[in-house]
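1. Give me a model of this one.
(one chain, ligands or ions: 1)
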Amino acid sequence: MVAFLDLRAQQRRIATDLRRRLDAVLEHCQFVLGPEVAELEAALAGFCGAAHCVAVSSGTDALQIALMAEGVGRGDAVFLPAFTYTATAEVPLLLGAVPVFVDVDARTFQISPDALAARIAAVRAAGRLRPRALIGVDLFGQPADWPALSAIAAREGLFALDDCAQSFGASLHGARLGRAADATAISFFPSKPLGGYGDGGALLTDSGDRAALYRSLRSHGEGTTRYEVLRTGINGRLDTLQAAVLLSKLTVFEDELAARARIAAAYDAALAGAVTVPARVPDSVSAWAIYAVLLADAAARTALQERLRAAGVPSAIYYPRPLHHQPAYRDAHDGTALPVAEDLAGRILALPIHPDLTEADVAAVAAAVRG
Ligand SMILES: *Cc1c(COP(=O)(O)O)cnc(C)c1O
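-> Just a heads-up that it's a prediction; the model follows:
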């Protein structure tokens, strides 16, 4: 039996340090915004070279706080890929803005800069919504095409937000993600490459003004004292215990990223010719959150899933529906066809990948894929 994710094996690797970290929190009892939160923020900013990091309660709340800080709301268009996790689209809607779904690149599966430019032009021509923000998603561990996306955002006057929930640890052109956009949102959901033991997230930015707003917004919009309320905020803080867990996980994060890359290379070699994989983004290092393969059609995917199940190999579909086809978002969509996202949803499949997958596991998965 191959595990899709093995959090127990990882826990054994950090057991001593983890206990020490948790015991320290149980000792000082500062369970909200305790010293571990600031220590984690400094470590994460240092990891990617960003000037500021603000830890928050989830990746979704990171996205929401970032858009709240820009005043995104009614009448605003927020551009985002149609092929991503639901959280990316839910946040603009919660703030009264409209998500404008953009198709993805057929080779890399990342948001397409050409499609983005066309969607912005169409929204401007329609004149109903004000183009305000772009949420680019680094899908499956790979970086989106940030040089192209940022150039479009700058030209169009859009706030550029990097939804890096799946891909913290990845690099593009020699630089770790965290500074590619105006702000970067990351997630510590347990299954992400840097996962905690519960929900958590963070915002990274080089802007001191933005970081100050994020700190205020995550604590009910507070000012310099707790009982001065400057703006409508949320309760969006990261628990001290989660910060302690993440500090412990950070001690092995680089090793885990290297292990994920090794396993992905082993899959690439073992599966060559048998399945299509997303094109690797040039001059980048993936965080390998997900190892995706593309089958010929939905029937081939179902057949492969059954073959894998029989061999004791779990698999998962990210994502079975493009967001513009979700019941919750259909009404927000203007009806534009997004053929690549629609096609991928019908035939994509994720194979197990985690730092503790063995060579024998990879061989077993590859044998099942090859049939
Ligand atoms: C996981 C994820 C999120 C949300 O993160 P949470 O911490 O679960 O709230 C947002 N966007 C993408 C692309 C994700 O994969």
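2. Heading C-terminal from the longest strand along the chain, find the next helix or strand.
-> Longest strand in the chain by number of residues (criterion: DSSP state E): strand 130-137. Using DSSP states H and E, the helix or strand that directly follows strand 130-137 along the chain is helix 146-156.
3. just checking, what packs against that next one?
-> Here helix 146-156 touches helix 113-126, strand 130-137, strand 159-163, going by 3 or more CB pairs under 8 Å, 6 or more residues apart in numbering; DSSP states H and E. No exception for glycine: its C-beta is placed from N, CA and C like everyone else's.
4. can I get those in JSON lines with distance to the ligand?
-> Putting the helices and strands packed on helix 146-156 into JSON lines (distance: least, CB to the nearest ligand atom, whole Å) gives the following:
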{"stretch": "helix 113-126", "distance to the ligand": "17"}
{"stretch": "strand 130-137", "distance to the ligand": "5"}
{"stretch": "strand 159-163", "distance to the ligand": "5"}
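5. most tightly surrounded among these?
-> Using mean count of other CB atoms under 10 Å, the stretch among the helices and strands packed on helix 146-156 with the largest mean neighbour count is strand 159-163, at a mean of 26.
6. before we move on, the earlier item: just want the angle from the longest strand of the chain to strand 159-163.
-> 20 degrees (axes from the mean of the first three to the mean of the last three CA atoms, to 10 degrees).
7. Within its sheet, name the partner strands of strand 130-137 and how each one runs.
-> Taking DSSP bridges as the criterion, strand 130-137 pairs within the sheet with strand 76-81 (parallel), strand 159-163 (parallel).
8. Now do it: distance to the chain's middle.
-> Centre-to-centre, strand 130-137 and its host chain are 16 Å apart (CA atoms, centre = their mean, to the nearest Å).
9. Same question for stretch 245-261.
-> Put simply, stretch 245-261 sits 17 Å off its chain's centre (CA atoms, centre = their mean).
10. Dump it to CSV, keeping only the CA atoms.
-> What follows is stretch 245-261, C-alpha atoms only, in CSV (Å, rounded to 0.1, in the frame of the first residue of the first chain):
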residue,chain,number,x,y,z
VAL,A,245,4.9,23.3,14.6
LEU,A,246,5.9,25.2,11.4
LEU,A,247,9.3,26.3,13.0
SER,A,248,10.0,22.7,13.6
LYS,A,249,9.0,21.7,10.1
LEU,A,250,11.1,24.5,8.6
THR,A,251,14.2,22.7,9.9
VAL,A,252,13.6,19.9,7.4
PHE,A,253,11.8,21.8,4.6
GLU,A,254,14.8,22.2,2.3
ASP,A,255,15.6,18.5,2.6
GLU,A,256,12.0,17.7,1.9
LEU,A,257,11.9,19.9,-1.2
ALA,A,258,15.0,18.1,-2.4
ALA,A,259,13.4,14.7,-1.8
ARG,A,260,10.2,15.8,-3.6
ALA,A,261,12.3,16.8,-6.6
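11. Give me the local confidence score for the residue lying closest to T240 once chain neighbours are set aside.
-> Among residues not flanking T240 along the chain, G34 sits closest, at 3.4 Å (CB to CB, 6 or more residues apart in numbering). In this prediction, G34 carries a pLDDT score of 98.
12. Buried residues in the helix or strand hosting Y267, which are they?
-> For Y267, the host element (DSSP H and E) is helix 240-271. Buried residues in helix 240-271, counting neighbours by 16 or more other CB atoms under 10 Å, are found at 240-250, 253, 256-257, 259-260, 263-264, 266-267, 270-271.
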